[in-house]
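K.L.:
the sequence and its predicted three-dimensional model are supplied below.
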Amino acid sequence: MAVQLGYYTLSVRDLDRAAAFYGALFGWEFKREHETYLHVTNTAVAMGFVAGGPSSQPNVYYHVDDIDKVVERVRELGGTTGEILDSKSGRGCSCTDDQGTEISIWQPAPGFD
């Protein structure tokens with residue numbers, strides 16, 4: 001599988017206000033996963049909102065089939081990784097390449113790809 005955009009999040013101050021705004025604007029529907037995260041259930045590319053304040057850019061996650069292998073490969077190539085985090089939507093990890101550029105990777109849970 002070619003690695004491609006698999007998931008992204010938008011950081012917002014207030015999840016309920018974001019749901020009201022973007023739901024009215026784009027017709028998006030939401031499922032609350034926990035108090036700091038809303039998953040958008042009706043978009044072509046999986047996405048969600050995370051509480052924590054506004055951000056000028058989305059956080060982009062690249063879809064991978066085996067996150068453990070990709071994390072190992074990042075390290076072999078001289079990059080660094082954060083901790084692999086598990087959620088209802090899958091497993092995610094932040095990575096930094098050998099030049100300092102940050103990316104995120106995501107292995108979707110069943111039903112989220």
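P.N.:
Sure thing, it's come through.
K.L.:
show me which helix runs longest in this protein.
P.N.:
Longest helix in the chain, counting residues (DSSP state H): helix 15-26.
K.L.:
contacts for stretch 16-28 next, please.
P.N.:
10, 12, 29-30, 38, 40-43, 49 (Cβ atoms under 8 Å, 6 or more residues apart in numbering). No exception for glycine: its C-beta is placed from N, CA and C like everyone else's.
K.L.:
the same query, at a cut-off of 6 Å, please.
P.N.:
Contact with stretch 16-28 is made by 12, 30, 38, 40, 49, as judged by Cβ atoms under 6 Å, 6 or more residues apart in numbering.
K.L.:
for the residues you listed, which one is nearest residue 86?
P.N.:
The closest of the contacts of stretch 16-28 to residue 86 turns out to be residue 38 (Cβ to Cβ; 17.9 Å).
K.L.:
tell me what the closest one is bridged to.
P.N.:
When assigned by DSSP bridges, residue 38 has beta-bridge partners residue 32, residue 49.
K.L.:
what segments of the chain are strands?
P.N.:
4-12, 30-34, 37-40, 46-51, 59-63, 80-81, 85-87, 90-96, 102-108 (DSSP state E).
K.L.:
dump the C-alpha coordinates for the fourth one into PDB.
P.N.:
As requested, the backbone C-alpha atoms of strand 46-51 are provided in PDB (Å, rounded to 0.1, in the frame of the first residue of the first chain):
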ATOM      1  CA  ALA A  46     -11.100  10.500   8.400                       C
ATOM      2  CA  MET A  47     -10.700  13.500  10.700                       C
ATOM      3  CA  GLY A  48     -11.500  14.900  14.100                       C
ATOM      4  CA  PHE A  49     -11.300  17.800  16.500                       C
ATOM      5  CA  VAL A  50      -9.000  17.900  19.600                       C
ATOM      6  CA  ALA A  51      -9.500  20.300  22.400                       C
END
